[in-house]
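Engineer: Here's my sequence, what's the structure:
(one chain, ligands or ions: 1)
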Amino acid sequence: MSDAMLEMTGIVRRFEQGGAVLEVLRGADLAVQPGELVALVGPSGAGKSTLLQIAGLLERPTEGVVRIAGADVSDFDDGKRTEVRRRSIGFVYQFHHLLPEFSAQENIVLPQMIAGVSKRLAKQRADELLHMVGLDARGSHRPARLSGGEQQRVAIARALANAPSLLIADEPTGNLDPHTADHVFAMLTAIVRQARVGALVATHNMELARRMDRILEMRDGILVEQTAA
Ligand SMILES: Nc1ncnc2c1ncn2[C@@H]1O[C@H](COP(=O)(O)OP(=O)(O)OP(=O)(O)O)[C@@H](O)[C@H]1O
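Structural biologist: Below you'll find the model as predicted:
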């Protein structure tokens, strides 16, 4: 058995609109190993977000199998899928989506409490994560008092709060200036490697993509591995 954190096999996704059928994914395959960063690239509308939604168990494929840390989730009901998502998958988006009325620490505590962790342990873990992203002194600050890069670092810490197997990121540095993006991405990379998380990162930024372990390109509904030129 593969020890991939994410394995997707033969993923097909069709959308039906007013009688017409749009086949966005046509048999996409991929695997992401522990500690590996895989870039997902392709033109706008190619199906990257659709693939991430399916990988993150937010949507079901029309056909195909998704395995999270070895578990085939195909036959899981919605409740079980939500449970796997909360425990095993972290999400980072272009915009941080932190809760504005809560502090940085509370934003990292909440997903843990939802997953059943005690408040005391959740706070301890939040402080460890804040340390890991270099924000020890900022735990009590609300998002509005943090810079864009700091907000995104909190969002990364929050995504890792429940020690997920898999991290799914959609343009995680897309809203940052190049220098800050560089710094945040380096931090993300270091944490993924150290925590042995598998990371699938959709981006339009080819420079960023080239810094990852592999680049998969969405082309006509399937994934093609880009080899170094
Ligand atoms: N719920 C839906 N119903 C119908 N069509 C959809 C739905 N979701 C996505 N699509 C279509 O699927 C295609 C792929 O969209 P998707 O958002 O996955 O592309 P993308 O590669 O992420 O693009 P971008 O880089 O612009 O974010 C698009 O043509 C889109 O219109």
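Engineer: Residue numbers of this protein in contact with the ligand?
Structural biologist: Taking Cβ under 6 Å from any ligand atom as the criterion, the neighbours of the ligand within the chain are 15, 17, 22, 24, 42, 44-50. Placement of C-beta: from N, CA and C, glycine included.
Engineer: Of the residues you listed, keep whichever come out buried.
Structural biologist: Among the residues of the chain next to the ligand, the ones that count as buried by 16 or more other Cβ atoms under 10 Å are 24, 42, 46-50.
Engineer: pLDDT on the helix or strand hosting Val184, on average?
Structural biologist: Counting by DSSP states H and E, the element that carries Val184 is helix 178-195. pLDDT averaged over helix 178-195 equals 91, rounded to a whole number.
Engineer: what's the following helix or strand after it?
Structural biologist: Next along the chain after helix 178-195, taking DSSP H and E as the criterion, comes strand 198-202.
Engineer: ok, and what's touching that next one?
Structural biologist: The contact list for strand 198-202, computed with Cβ atoms under 8 Å, 6 or more residues apart in numbering, reads 4-6, 30, 32-41, 48-49, 51-52, 55, 165-172, 188, 192, 208-209, 212.
Engineer: buried ones in it?
Structural biologist: Residues of strand 198-202 classed as buried: 198-202 (neighbour count, 16+ other Cβ under 10 Å).
Engineer: Include pLDDT when you put those into a markdown table, please.
Structural biologist: Shown next, in a markdown table, are the buried residues of strand 198-202 (pLDDT from 0 to 100):
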| residue | pLDDT |
| --- | --- |
| Gly198 | 97 |
| Ala199 | 97 |
| Leu200 | 98 |
| Val201 | 97 |
| Ala202 | 96 |
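Engineer: Pick out the residue nearest the middle of this protein.
Structural biologist: Among the residues of the chain, Ile168 comes closest to the average C-alpha position under Cα atoms, centre = their mean, at 1.3 Å.
Engineer: Which pLDDT value goes with that residue?
Structural biologist: According to the per-residue confidence, Ile168 scores 97 in pLDDT.
Engineer: Over to Met132?
Structural biologist: So, for Met132, pLDDT stands at 88.
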